[in-house]
Structures are given as structure tokens and as C-alpha cells.
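*Asks:* predicted model, plus sequence, below.
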Amino acid sequence: MRLINQKPSRIARYALGALPFAAVLLIYSVASKLRHMENPQDRLLPSLQQMAAAVERMAFTPSKRTGEYTMWLDTLASLERIGIGMLVSTVLALVLGIAMGAIPRIRATLAPFVGAFSLIPPITVLPILFIVFGLGETAKIALIVVGTAPVMTRTVAQATADVPDELLVKVQTLGANSWQIVTRVFVPMVLPRLIGAIRMGLVPAWIFLVSAEAIAAEQGLGYRIFLVRRYLAMDVILPYVAWITIIAYVLDRAFYLLSRKGLRWAHGEGGAL
């Protein structure tokens, strides 16, 4: 049997998927041990034990100053910002995207503007947002919206425009009004693409969030990373980076499962990644 036709079993898929992670962990452990053999005070590659101790201190030991658990407060602050930002982006993408894809006059009016706006590097807008909204939560959330909403809107607009004309003719023949066409045809048809856009938007959203928190914040995962970097506290930075990765992965899988379970008709036999 040719290699391209050999499909691993479920257990084999899990084992193969875990292999690169195990390899990276092994390589890091060896490199860390070698560096500490040469210099026991090395801080660039902390040992796994040092990082575990840092996690214990940050996540499971109350702060002596405030009595709070620092890592969980940072996590909640970042999740709240990214949650509100992505919610606003999703609503904008759904409303504007369907309007642009379904109504030619709106598409002619907004498509050039949204297309141009989506090409602006969001990080360059951050100083403007801080000037306009101040250093509070609004500017951080606005950065996430600016960085994700235009691209998501274009995705939804294209998905709306791809709805077959034959389907629209049939529902209009059956007497459906504009609101019924939007809610019963366009929304169900674009939901799979919208969820895909959310999954893709979460990647830059985390980048923008960490960037904003690094500049002006008092809590947050990005804030903590940039706070401790001045002390070369890699035993804190690396677990925080790993924790952000885990959260992002869980969110991505959650939206994937939501699409698979709630929109079965939109997935083929193999499904999406």
C-alpha cells in the first residue's frame, strides 16, 4: 500500500501528535542540563524543576502583598479582554459581512473601505488608540477589534456572496421576505465560515492583546511577561508562554467542536482541522 493511502489508527494519531512535543521537551531538558553544568546560575534555560517552582509560586501561592493568586488574575484579565474584543468583532463581521455580501449597494459602498482598512497594520494604530481612548481597557479591546474585525468581515461577506442564486430564487418564490432570507438562509450558510474566521482571528488577537498589555496594563499575561523580563525571569516567562499556547489551543478546539457538533452538515467526512 502506498504511503499516501496509509491512515493511522486513533491511538497512533495521538502518539504521532505527541511525538514532536516530547522531542522538544527532551531537547530542552538536555540543553538546560548542559548549560547548568557549565554555569549553575544560568537563567536563560531554567530547568523544568525551576519552572515548576515558578508556577507553584505564581498560580498556587497567594501573593504576600495582596493575598491573590497572580497567574489566575492575569489569566482572567487577558481572557476578559480577548473575549470582549472577539465578541465585538464577531458581531461586526456577521452584520456587516452579510450586508455587504447580500446587498449590492452596501457592498459597493463598504467593500473598498473594509478592504483598505484590513490592510492597515493594527500595531501602528495602537498609539492612536491610547491617545483617543486612554490607557484603560477600551484601547486594548479596540486594538483586538481593529486587528480582527475587518478580515472576519471580508470572510463573511465572501461566504454570503457564495450562497447559490438558485437557493435565493427558490426562497423568494416561496414568499420569503428580506428578514427571513437573512435569518433562515444567509446566517445558517455563513456560520461555518464565521466560526472558521473566529478560529483564525484568535491568532492575531493574542498578538495584539499581549502587545497592548505590554505597554499599558496592571494585570494580564502579556503584562506579566514584560514585567519580569527585566529580571531575566525565564522560569516565569516560559510557563506563561506555554500557558497562553494552551489557552489558545483549547479555545481553537472548542470552536472546532462547536462547528462539528452544531453544524454537521457543513463538514465533510474527514472534517476540518
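*Replies:* Cool, got the structure.
*Asks:* three-state assignment of Leu135?
*Replies:* coil (DSSP: H, G, I helix; E, B strand; the rest coil).
*Asks:* tell me the confidence at the residue nearest the centre of the chain?
*Replies:* When the chain is reduced to its mean C-alpha position, the closest residue under C-alpha atoms, centre = their mean turns out to be Leu202, at 1.7 Å. pLDDT recorded at Leu202 is 94.
*Asks:* ok, it to Arg224 distance?
*Replies:* Noted for Leu202: a distance of 20 Å to Arg224, by C-beta to C-beta, to the nearest Å. The way it works is simple: take the backbone N, C-alpha and C, and place the C-beta from them, glycine included.
*Asks:* Gly262 too?
*Replies:* Distance, Gly262 to Arg224, using C-beta to C-beta: 35 Å.
*Asks:* neighbour count winner among those two?
*Replies:* More crowded of Gly262 and Arg224, by other C-beta atoms under 10 Å: Arg224, with 25 against 12.
*Asks:* so the residue nearest to the centre of the chain touches Arg253, yeah?
*Replies:* No: assessed by C-beta atoms under 8 Å, Leu202 is found out of contact with Arg253, at 11.2 Å.
*Asks:* on that earlier part again, list the buried ones in the host helix or strand of the residue nearest to the centre of the chain?
*Replies:* Using DSSP states H and E, Leu202 sits within helix 187-215. Applying a neighbour-count criterion of 16 or more other C-beta atoms under 10 Å, one finds 189-199, 201-202, 205-206, 208-215 buried in helix 187-215.
*Asks:* so what's the closest residue in space to Gly201 that isn't next to it in sequence up against?
*Replies:* Leaving out its chain neighbours, the residue that sits closest to Gly201 by C-beta to C-beta, 6 or more residues apart in numbering is Thr148, at 4.0 Å. Residues near Thr148 by C-beta atoms under 8 Å, 6 or more residues apart in numbering: Gly85, Met86, Ser89, Gly201, Pro204, Ala205, Phe208.
*Asks:* try it again at 7 Å.
*Replies:* When contacts are counted by C-beta atoms under 7 Å, 6 or more residues apart in numbering, Thr148 touches Met86, Ser89, Gly201, Pro204, Ala205.
*Asks:* Phe208 too?
*Replies:* By C-beta under 7 Å, 6+ apart, Phe208 lies in contact with Pro122, Leu143, Ile144, Gly147.
*Asks:* now do the contacts for the first one.
*Replies:* Under the criterion of C-beta under 7 Å, 6+ apart, the neighbours of Pro122 are Leu143, Val146, Gly147, Phe208.
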